Structure formats: C-alpha cells, structure tokens
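**Q** For reference, the sequence and a predicted model appear below.
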Amino acid sequence: MTISRRNVVKSGAVLIGAGMVGAPLTAQPIKIGSDGRILSSDFDIQSSVIKEIAQASIDAAMAQGASYSDVRITFTKHIQWASETPFLSESMEIGIRALVDGYWGFASSPVWHLDEAARLGVSAYDQAKANVVDGPREMSLTATSGEKTGHWVMPVKHDAFKTHYDEIYDAIKGLQNFCRRLRYMNFMNNNVRFEKQHRAFVSSEGHYQTQIINRTLANLELKFAHSNGIDGGQFKVDQYASSPGGLEVIRDKPMRKYIQEEYDLMVESWKLPIKPVDVGRFNTVIDQNGMAKIMSSSIGFATEVDRAMGFEANSSGTSYIADPVSMLGVFKVGAPNLNVYADRSYPYGIATVAWDDEGVKPVSTQLIKNGILNDMQVTREGSGWIKDYYSQAGIPVESKGYALSPTGMFAPMSHTPNLFIEPNPDGAKNMDEMRQRLDRGIELKQPAVSLDFQQSTGFARGQAYEIKDGKRSARISNAAVLFRSAELWGNVTEFGGKELELQIGLNQYKGEPQQDSFHTVRSIPAIVRDVTFVDVNRKA
C-alpha cells in the first residue's frame, strides 16, 4: 500500500500542509458543535496507515545496518480549563530509536509522512553510528514480557472530548461558586486539563501495540483569610487531584464534602493562637500529601536505575543509591515497617499502561522491603546494569515496565511509576486518632517539598501545628523542616491504617530536553520522631 496524503486523511488524522501530516497545532479557543460537544479531530490509532508509517522508519534504520529499532507514534489532545475560556490543543509526534554497536541514536518529528518516516530512520542510525567513538560496546536488551501485539484503552466513564460542553462548564464552575460562598474564603486557583493520548509502539522485534490514555490533571487551591486581613493559610483539596479517567474525576466524587471538611478544619485552626517556631527536633505527624511528596522524590526518583548510574547527572540529578549492585539487598533506606511498591499496571494509577514504551507488560515491584533496598526501576537495557545482583538473588534479569516517553518527540527513559506505601494493619483510622497517638509534637500538613540533586537532603514547608495531649493547640509560624532521606524514613515510628490511604497525583521533570510525566502515590500519614524544624525568617 502506498502511504499518501489521501490515505492518511482516510485514517482520521488531521491534515496540515501539502503532503505532510502532523505539524503541531497551537492552542485555540474551543469550538462547539451543533450537539453541544467539543469539536476535536477524529483519530484511529489502530489504522494500518499508522503501522505502515512506523514500519517505513524501522525498515530504513535496519537497512542501514541497525541491530534493533523501535518507533513511538502519539496523537495528543488537551482541553485546558484555567479560565472562563477553555482552550483545545492537538499535536502529532513520531520518534524512532536505532541501536548500532551498542549505542543509541534517536530522531523525532511532528510530521507524519512516508518520506519523513524513512528520513527519521536513517537519521537515527546516523546518530547512533556517530556515537560509536571508541568501538562497539557490549549491550543487550532483555526480552519483553507479555503479548507483542494488542490494543488497550484506559477506562473512562465520561470522556471530556465526547461530553456536552455545558456539563463540563457546570461541573467546574459549580465547584468554584461553592468555594466562593464559603465565609472568609478567597478562591485562588482551579486548573483542570483533560488529556487523551493515542499511542502506537512498533519494533523490529515484531511489536505492534496501541493504547489510548485518558487522564484528568486537576488542582484546586483555596485561601482562607479573615475580613480583618489576617492570613489564615491556604490549602489544596487532595481528592481533587490528577487521576486516570475523564470528567468523572472531578464530577463524580463528593468534592463539596471534601472542600467543606477542609474548610471546617481551617476555620477551627484559624481560632488557634499563633506561636513562633522553636528551632529543634520534634516528633511529627506528616499528612498523606507530605508523605507522598517525600516518597516520590526520596524513594521514587532515587530508585530510577539510570539516575543511580549517573545518566541524569547533568539534568535532574543523581541518587544517594550510588552503587546499586552492592547496595541492593543490604542498604537500609528506612525503618523495618517501611515497605514500598511500584506498579504501572495498578488499575487506578495515572501512570498506568498496558505496555511501557519498550513493549514490556508492567509488573509490580517491591522497591523497599522491611526498610531495605530490594529492587530498582529498570528498563530493558537498565536491567543488565544490575544483572549481577539479580543473578545472586535469583531474580530474572528483565524490565519491569518503567520505560516512558511523554510523546513520540522524546526518547524513552525510566520514569517514576505509581507508588504505594504499605499501611499499618493496626494503624490509626482517621487523623484525629493519628494526632492522639502523639502526646506532644508538631503536625505538618500539605508541605511543599524539595530535595537536592542526590535525593538525599530535603526541605519541606507547609502548615505547621503544635500538638499537645493529642490535639492541635497552636498554629506555628515560619516553620520548615530539614531532613536527610534515610534518617527521616528510619525514624518513622508508625504509619496510618488503610482507612487513611489517599491517592495523590504528582508529576516529574526529567531529561534534557525536559520530559514531564505523572504518577499516582497511594499514601498514608506517618509519625516521625526527631524531625528538625527551623525558622525560615531567622538570619544566620
């Protein structure tokens, strides 16, 4: 079959320019059809045309002499709702890798066309060949697990791209109006972005996998301020978070109930006296939001094998796990009650896929077992970097499904998957009970968290409350936390129970050029002893 402009149009793709498809579209105001639904391009990722475009690129690379090649094709649609006027954007991408003498080459383009695909294949080969400066190197790709062909759609109950405009407007605007009716409440920010991404993966090993990813990226921030101008603090509604799915993410949950509960807690806290922070070490309750952010960086980012091996050193940083082979199975990351799992196959995770961007079917991995480093996030190539440990431990040398490229424009690399902290079977069932288990100390709620380039030393600042006799007794001003990752996890005395589990959607920036990805953390609060608090306004 000849791939032409006419054939691509028939496949449902958007046509841009003479004989070329896929030039990126700029954001534009949403257009509404006569039936009230948002007008966006129709598309069939399973079209034979898509496979043939990918195959043309692979054939070109292999004909040049590549030992392996793979292609990712993506078509991404966004509805960005950050103001009264929503915007629609669409983009097409194709990216190809070629392996030559153990070195990678990569080329990508926003244009879908037979000639362009073949050009990219040659370009990827040429780049790989240019990287072979000191002769061939030993590098093998481990086998892929699961079926090599198939189609999967992330479940969506109310597809925003097929939903009446008024329904979406009412859902978002209704929550904003509810927030504004609350006394002393200054509405701050309500960002919602609906995303649908069609993905195809084709390889020289016979893979042909297509997927449709549906997710909603949401963030609701509110500010509480008394009429006399006194700042009562601000908070996020954690349940209003980035999640897999469509409009149901914000409409089918009892959001008004969650907002009201947070509001009532803020009103109660606003009545408390304000005291300055006492610099020192205190036993501390850290909420689900804070534990999710700390775990995402200090464990999620730190266990990415490419980061640990130094391949991110000039971009987003390395890891305190500096020698994975010797540290796996022996290095103490935290207390014996710390068990952390990673899984891109979890049904309700925003990082969930049927196959990763190397054609691997994801499996659950226990990264931390009883406080000890147990495994790393590996790709098909990365699993070979720690094969000595796997062989000693009797673990198959294989990828667990962590390769990801946000779109076809990027080369795939390891990105943090969905993460889970194992709850305490006898843990607290609510936050009041969590505080009651701490006679004296501090509660840290919804902190902003940042770590150094080794994911080792961190800083966190959020709402801080003094705890006396198991209850909040004062608001603490200018408080922030300094911590070392292994010390903080080692000082966890208790995790909350399963009833306190909360799903937090977080993002990650990695690579050069920068790649942006999302993952779900199923988090629980924790009591941590001897947490170091400092005064952010104190001058040295």
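**A** Received, thanks. Numbers count the residues shown, from 1 in each chain.
**Q** any idea which helix or strand of the chain has the worst average confidence?
**A** Each helix and strand of the chain was given a mean pLDDT (mean pLDDT, DSSP states H and E); the minimum falls on helix 5-10 at a mean of 38.
**Q** Just the strands from the stretch 1-150 of the chain, written as ranges.
**A** Listed in chain order, the strands of the stretch 1-150 of the chain (DSSP state E, counting those that start in this stretch) span residues 28-29, 68-81, 87-100, 103-109, 149-153.
**Q** Show me the shaky parts of the chain.
**A** Scanning the chain for pLDDT under 70 picks out 1-42, 82-84, 226-232, 540.
**Q** rewinding a little: which one of the strands of the stretch 1-150 of the chain lies nearest to Val528?
**A** Nearest of these to Val528, taken as CB to CB: strand 68-81 at 37.3 Å. Any C-beta I mention is one placed from the backbone N, CA and C, and that applies to glycine too.
**Q** Parallel or antiparallel, list what pairs with that closest one.
**A** In the sheet, strand 68-81 lines up against strand 87-100 (antiparallel), strand 185-203 (antiparallel) (DSSP bridges).
**Q** Return the most buried member of those.
**A** Stretch with highest mean neighbour count among the strands paired with strand 68-81: strand 87-100 (a mean of 24; mean count of other CB atoms under 10 Å).
**Q** That one to strand 103-109, inter-axis angle?
**A** 150 degrees (axes from the mean of the first three to the mean of the last three CA atoms, to 10 degrees).
**Q** Would you mind giving the secondary structure of the closest residue to Lys510 other than its chain neighbours?
**A** Nearest residue to Lys510 in three dimensions, chain neighbours excluded: Ser316, at 4.9 Å (CB to CB, 6 or more residues apart in numbering). Local secondary structure at Ser316 is given as coil here, using DSSP: H, G, I helix; E, B strand; the rest coil.
**Q** thought Ser316 was touching Gly511?
**A** Yes. Using CB atoms under 8 Å as the test, Ser316 is close enough to Gly511 to be in contact (7.2 Å).
**Q** okay but Val237 is in contact with Leu220, surely?
**A** Yes. Under the criterion of CB under 8 Å, Val237 makes contact with Leu220 at 4.7 Å.
**Q** Now Tyr341: which helix or strand?
**A** Using DSSP states H and E, Tyr341 sits within strand 340-342.
**Q** So which other helices or strands are in contact with that strand?
**A** strand 365-369, strand 419-421 (3 or more CB pairs under 8 Å, 6 or more residues apart in numbering; DSSP states H and E).
**Q** what's in contact with that strand?
**A** With contact meaning CB atoms under 8 Å, 6 or more residues apart in numbering, strand 340-342 is reached by 295, 299-300, 303, 364-368, 377, 400, 402, 416-422.
**Q** List the neighbouring strands of it plus their orientation.
**A** Sheet pairing of strand 340-342 (DSSP bridges) gives strand 365-369 (antiparallel), strand 419-421 (antiparallel).
**Q** Of all the ones you listed, which one comes closest to Asn478?
**A** strand 419-421 (29.2 Å).
**Q** Contacts for that closest one, please.
**A** Strand 419-421 is contacted from outside by 291, 295-296, 299-300, 338-343, 346, 495, 519-524, using CB under 8 Å, 6+ apart.
**Q** ok, 7 Å please
**A** 291, 295-296, 300, 340-342, 495, 519, 521-524 (CB atoms under 7 Å, 6 or more residues apart in numbering).
**Q** Output those residues as TSV; include the columns distance to Ala61, secondary structure and neighbour count.
**A** Listed next are these as TSV, based on distance: CB to CB, whole Å; DSSP: H, G, I helix; E, B strand; the rest coil; neighbours: other CB atoms under 10 Å:
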residue	distance to Ala61	secondary structure	neighbour count
Met291	45	helix	26
Met295	39	helix	29
Ser296	36	helix	23
Gly300	33	helix	26
Val340	38	strand	25
Tyr341	37	strand	20
Ala342	32	strand	28
Phe495	49	strand	26
His519	31	strand	26
Val521	38	strand	29
Arg522	40	strand	21
Ser523	43	strand	30
Ile524	47	coil	24
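**Q** and which of these is nearest Arg251?
**A** Distance to Arg251 across the contacts of strand 419-421 (CB to CB) is lowest for Arg522, with 22.1 Å.
**Q** Now do the helices in the stretch 251-400 of the chain.
**A** Along the stretch 251-400 of the chain, counting by DSSP state H, counting those that start in this stretch, helices occupy 255-270, 288-295, 305-308, 324-327, 382-385, 387-393.
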